[in-house]
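> sequence first, then the predicted structure, then my questions.
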Amino acid sequence: MAVKKACESFSKSLIDEVQRWGCMKQTGVSLRYMMEFGSGPTLRNMLISAHFLHKELPIRIARRTIELESLPYGLSQKPAVLKVRDWYLDSFRDLRSFPDIKDENDERDFTQMIKAIKVRHNNVVPMMALGVQQLKKGINPKIIYEDHDEIHHFLDRFYMSRIGIRMLIGQHVELHNPNPPPHCVGYIHTKMSPLEVARNASEDARSICFHEYGSAPNVNIYGDPDFTFPYVPTHLHLMVFELVKNSLRAVQERFMDSDKVAPPVRIIVADGIEDVTIKVSDEGGGIPRSGLPKIFTYLYSTAANHVDERTDLGTGDSVIMAGYGYGLPISRLYAKYFGGDLQIISMEGYGTDAYLHLSRLGDSQEPLP
């Protein structure tokens, strides 16, 4: 049915081409390679990068398009999911119809085109969340929670691939910046201070807590202020923001009606040989052990769901953390994208510790779902 709908608005030859490209092998790159390659953005390097993306992006986009056609429980037919599938087909068509890149002008035009693709896909996450909600409305909740593995694994693959596509496009586009900030190679900061990023992310999370509750617990940060390592600050900000926001909410709600002063959320940054680990600790009462497996699924949220058909999805990525249960699973994917991980350990009746592991070596390949 979904394939039929695709054929109605997209030619059969395009659909056949998607199938063909979806069978091709993806090529992963590492943080270290992106950093070394981008450190001298000569015209030759920009042409090499554009040629790589011209071939690589259609393969990654085709794979996701094919998966969007065959989701369980009729998820593929939900209006929001059909919209996402159309975005992917449009982007595949744009990339495949772009001629061979021969010179500087071609490369500049190609860069503008992939920049537009990135903007087109800004709202994929909330739109897919809306699709899942459309599905949940019409299905027995027991089925969703007992047999949701297939949907969960699909969304993990889908969002991980999206992180990779956006990183590759963003990195190429940013290398065109004539005045890059000091120590920045595209999206990568070669001397990023995790303490500084954690401080900024904590302030952002506290301002949201203030907005919602009228007050916010303090956040205390411990670690070496001079320590730096190469990483993508926007990724780290997103992850720490999500963890601190969850901790602040838990502490705030636990101590809201109490005479006691709300205890601070603590962030500890440790620099090991292999990993940089950031621990976010709170005394917000913890999560019951039975609830722990649910926190990384896309079908569970303790916050009120904020996305529905009437939601204005805007154009940016800021809506990702709107509280519809995607913050933790997506944060874990961002950590895994460059070889790290995110673990949550909870003591019910006391609080929760989140351990964010970031690979310091930067030489692990992108995961390619």
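Okay, I see it.
> where do the helices sit along the protein?
2-9, 12-22, 31-38, 43-68, 79-97, 104-120, 124-137, 141-146, 149-174, 194-213, 233-255, 327-337 (DSSP state H).
> adding distance to E366 and mean neighbour count, write the ones you listed out as a markdown table.
C-beta: built from backbone N, CA, C; applies to glycine. Output for those, formatted as a markdown table (distance: least, C-beta to C-beta, whole Å; neighbours: other C-beta atoms under 10 Å):
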| stretch | distance to E366 | mean neighbour count |
| --- | --- | --- |
| helix 2-9 | 28 | 13 |
| helix 12-22 | 18 | 15 |
| helix 31-38 | 9 | 18 |
| helix 43-68 | 10 | 19 |
| helix 79-97 | 19 | 19 |
| helix 104-120 | 17 | 16 |
| helix 124-137 | 18 | 21 |
| helix 141-146 | 30 | 11 |
| helix 149-174 | 5 | 19 |
| helix 194-213 | 21 | 18 |
| helix 233-255 | 13 | 22 |
| helix 327-337 | 6 | 22 |
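> which of those helices sits closest to E348?
helix 233-255 (11.7 Å; C-beta to C-beta).
> relative to A354, how far out is the residue nearest to I163 when sequence neighbours are not counted?
In space, and not counting its chain neighbours, I163 is closest to Y337: 5.1 Å by C-beta to C-beta, 6 or more residues apart in numbering. Going from Y337 to A354 by C-beta to C-beta, to the nearest Å gives 17 Å.
> cool, N122 as well?
27 Å.
> of the two, which one has the most company?
Neighbours per residue (other C-beta atoms under 10 Å) separate N122 from A354, with A354 holding more: 24 against 19.
> A201 touches V240, doesn't it?
Yes: applying C-beta atoms under 8 Å as the test, A201 and V240 come out as touching, 3.9 Å apart.
> which residues sit against stretch 326-336?
Contacting residues not belonging to stretch 326-336 are listed as 125, 129, 155-156, 159-160, 163, 235, 238-239, 242-243, 245-246, 295-298, 320-321, 341-342, 344, 356-358, 367 [C-beta atoms under 8 Å, 6 or more residues apart in numbering].
> ok, stretch 198-216 next?
217, 219, 221, 236-238, 240-241, 244-245, 248-249, 252, 256, 262, 265, 267, 269, 278.
> how far does that stretch sit from its chain's centre?
Distance of stretch 198-216 from the chain centroid (C-alpha atoms, centre = their mean, to the nearest Å) equals 21 Å.
> with just CA atoms, put that stretch into PDB.
Output of stretch 198-216 as PDB, limited to C-alpha atoms (Å, rounded to 0.1, in the frame of the first residue of the first chain):
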ATOM      1  CA  ALA A 198      28.600  20.900  30.700                       C
ATOM      2  CA  ARG A 199      28.300  24.300  32.300                       C
ATOM      3  CA  ASN A 200      26.500  25.800  29.300                       C
ATOM      4  CA  ALA A 201      24.200  22.800  29.000                       C
ATOM      5  CA  SER A 202      23.400  22.900  32.700                       C
ATOM      6  CA  GLU A 203      22.500  26.600  32.500                       C
ATOM      7  CA  ASP A 204      20.200  25.900  29.600                       C
ATOM      8  CA  ALA A 205      18.500  23.000  31.500                       C
ATOM      9  CA  ARG A 206      18.200  25.200  34.600                       C
ATOM     10  CA  SER A 207      16.500  28.000  32.700                       C
ATOM     11  CA  ILE A 208      13.900  25.500  31.300                       C
ATOM     12  CA  CYS A 209      13.400  24.200  34.900                       C
ATOM     13  CA  PHE A 210      12.900  27.800  36.100                       C
ATOM     14  CA  HIS A 211      10.400  28.400  33.300                       C
ATOM     15  CA  GLU A 212       8.400  25.300  34.300                       C
ATOM     16  CA  TYR A 213       8.600  25.300  38.100                       C
ATOM     17  CA  GLY A 214       9.600  28.900  39.100                       C
ATOM     18  CA  SER A 215      12.900  27.600  40.600                       C
ATOM     19  CA  ALA A 216      15.700  25.100  39.900                       C
END
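> how much space separates the residue sitting furthest away from the middle of the chain from G349?
Most distant residue from the mean C-alpha position of the chain: D259, 38.8 Å away (C-alpha atoms, centre = their mean). Between D259 and G349 the distance, using C-beta to C-beta, works out to 19 Å.
> shaky segments in the stretch 201-350 of the chain?
For the stretch 201-350 of the chain, the stretches flagged by pLDDT under 70 are 300-325.
> what sits against the residue nearest to I163?
160, 163-164, 167, 235, 366-367.
> repeat that with 7 Å
The contact partners of Y337, taken as C-beta atoms under 7 Å, 6 or more residues apart in numbering, are 160, 163-164, 366-367.
> over to I188?
31, 34-35, 230, 232.
> skip the chain neighbours and tell me the closest residue to it.
In space, I188 is closest to M35, 5.1 Å off (C-beta to C-beta, 6+ apart).
> tell me the contacts of that neighbour?
185, 188, 190, 230.
> repeat that for Y222.
I268.
> equivalent analysis for H54, please.
Counting by C-beta under 7 Å, 6+ apart, H54 has contacts 95, 98, 101, 110.
> which ones are touching the first one?
For L95, the residues meeting the contact criterion (C-beta under 7 Å, 6+ apart) are 54, 57-58.
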